[in-house]
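Q: Structure, please.
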Amino acid sequence: MRSGAARVAVLGASGFTGGELVRLLAAHPAVELSYLGAKGSVGATLADVHPHLSTLSDLGGRILEPIEPDLVAERAGVALCALPHGASAELAPALLEAGLRVIDLGGDFRLAPGSYPEWYGFEHPAPAWLEKAVYGLPELFAEQVAGAELVANPGCYPTPVVLGLAPLLAAGLVEPGLVFVDGKSGVSGAGKGPSEATSHASTEGSVRPYAAPRHRHTPEMERGIELATGLKVQVAFVPHLVPAVRGVLTTAAARLAEGVTTDDLVDRLREAYAGQPFARVLPPGAHADTKRTRGANLVELEAFADRRSGTAVVVGALDNLVKGAAGQAVQNLNLVLGLDQATALPAVGVYP
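A: Numbering: from 1, shown residues only. You can find the predicted model right below:
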């Protein structure tokens with residue numbers, strides 16, 4: 001173990017997001033991956049489940065271990081949980097009570113307790129920890145994240161929506177009320193498990209909505225905006241699956257305040273994210289593109305005023321596995337460890 005390195009456990013290391021966490025953290029100068037936990041792939045090596053990571057000489061041969069809280073607590077100081085919905089709600093309290101700091105990449109700590117039966121189908125088993133969890137959107141809540149025991153890593157769709165709308169709502173450039181959000185995601189957002197719906201035969205050449213109007217990111221968008229601005233909005237969200245592996249694009253439309261122009265919207269976003277390494281605000285007339293964000297911990301934001309209809313439109317693009325999941329978790333980890341938030345994170349995508 002490197003002297004002074006933080007001991008970090010990745011729980012759910014066999015999934016797409018878990019693999020991205022390992023890829024990003026393998027080169028982190030202040031982190032030692034001390035525990036790789038999994039469920040269905042226990043006993044396999046990291047290279048077995050992620051062949052592209054086999055050349056990580058000190059990690060490719062590591063055996064994926066069962067997720068046992070006592071063992072994790074003995075060998076790690078921070079746990080990154082990339083687990084199915086509901087799993088972290090059961091696991092995280094034991095880790096937290098053992099003194100670990102936890103960053104949860106699922107949806108188990110993003111909402112208020114009363115929202116879980118309606119949106120996730122279960123009564124939350126640890127409501128006291130929900131009150132302590134910090135919503136981990138670093139561009140808006142960096143100070144709170146730095147001191148948090150428990151960080152709720154945001155979802156891939158809410159990240160661009162909240163980052164795009166919060167500064168505009170706070171400045172009075174956009175009116176609170178009803179917000180329409182159209183979302184498009186590549187199939188990796190559905191996870192690694194095979195299904196007919198995400199098979200090549202079903203997705204090639206197909207663009208189709210799914211989970212509308214009850215997608216679980218809907219209340220998270222509303223809550224994220226309220227946490228950032230103190231304002232309540234109501235979100236009508238329709239996500240779509242597109243024939244790509246990575247990438248999320250969101251288009252949010254809200255009521256434009258009187259007299260506001262495209263330049264006003266863009267200038268406000270530039271001011272809000274000046275100096276932020278992972279938020280790229282595009283100039284007027286330029287369009288956000290998921291392809292430019294591939295592999296990078298980056299969100300592109302585009303905004304314009306449709307004066308004819310009185311609508312503010314904010315478009316966001318990101319890589320759902322990086323800024324929409326693992327990269328943002330590493331960004332939060334850096335803050336929790338007292339490091340520069342950009343440590344070990346790529347801000348430039350792979351193109352073309």
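Q: what about the strands in the stretch 151-300 of the chain?
A: According to DSSP state E, counting those that start in this stretch, the stretch 151-300 of the chain carries its strands in the segments 178-185, 208-209, 234-241, 248-255, 279-281, 299-306.
Q: in this structure, which spans are helices?
A: For the chain, applying DSSP state H gives helices covering 16-25, 46-49, 69-75, 87-97, 116-119, 127-132, 138-146, 158-170, 200-203, 217-229, 262-272, 327-336.
Q: centre of the chain versus the second one, how much separation?
A: To tie it back to what came earlier, the one meant is helix 46-49. Relative to the mean C-alpha coordinate of its chain, helix 46-49 is positioned 24 Å out (Cα atoms, centre = their mean, to the nearest Å).
Q: sorry, back to before: in JSON lines, list the helices of the chain along with distance to Leu56 and mean pLDDT.
A: C-beta coordinates here come from the backbone N, C-alpha and C atoms, glycine included. Below are the helices of the chain laid out as JSON lines (distance: least, Cβ to Cβ, whole Å; pLDDT from 0 to 100):
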{"stretch": "helix 16-25", "distance to Leu56": "8", "mean pLDDT": "98"}
{"stretch": "helix 46-49", "distance to Leu56": "7", "mean pLDDT": "97"}
{"stretch": "helix 69-75", "distance to Leu56": "19", "mean pLDDT": "98"}
{"stretch": "helix 87-97", "distance to Leu56": "25", "mean pLDDT": "98"}
{"stretch": "helix 116-119", "distance to Leu56": "37", "mean pLDDT": "97"}
{"stretch": "helix 127-132", "distance to Leu56": "33", "mean pLDDT": "96"}
{"stretch": "helix 138-146", "distance to Leu56": "26", "mean pLDDT": "98"}
{"stretch": "helix 158-170", "distance to Leu56": "27", "mean pLDDT": "99"}
{"stretch": "helix 200-203", "distance to Leu56": "28", "mean pLDDT": "95"}
{"stretch": "helix 217-229", "distance to Leu56": "32", "mean pLDDT": "98"}
{"stretch": "helix 262-272", "distance to Leu56": "37", "mean pLDDT": "98"}
{"stretch": "helix 327-336", "distance to Leu56": "16", "mean pLDDT": "98"}
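Q: Ala6 is nearest to which of those?
A: Among those, the nearest to Ala6 by Cβ to Cβ is helix 327-336 (8.1 Å).
Q: Do you know the pLDDT at Asp340?
A: Note on Asp340: pLDDT of 98.
Q: What of Lys192?
A: Listed pLDDT for Lys192 reads 89.
Q: out of the helices of the chain, nearest to Phe109?
A: The closest of the helices of the chain to Phe109 is helix 127-132. By Cβ to Cβ, the value is 5.9 Å.
Q: For the closest one, report the contacting residues that lie outside it.
A: Residues outside helix 127-132 that contact it (Cβ atoms under 8 Å, 6 or more residues apart in numbering): Ala92, Pro93, Leu96, Phe109, Leu111, Ala112, Pro113, His124, Ala148, Glu149, Leu150.
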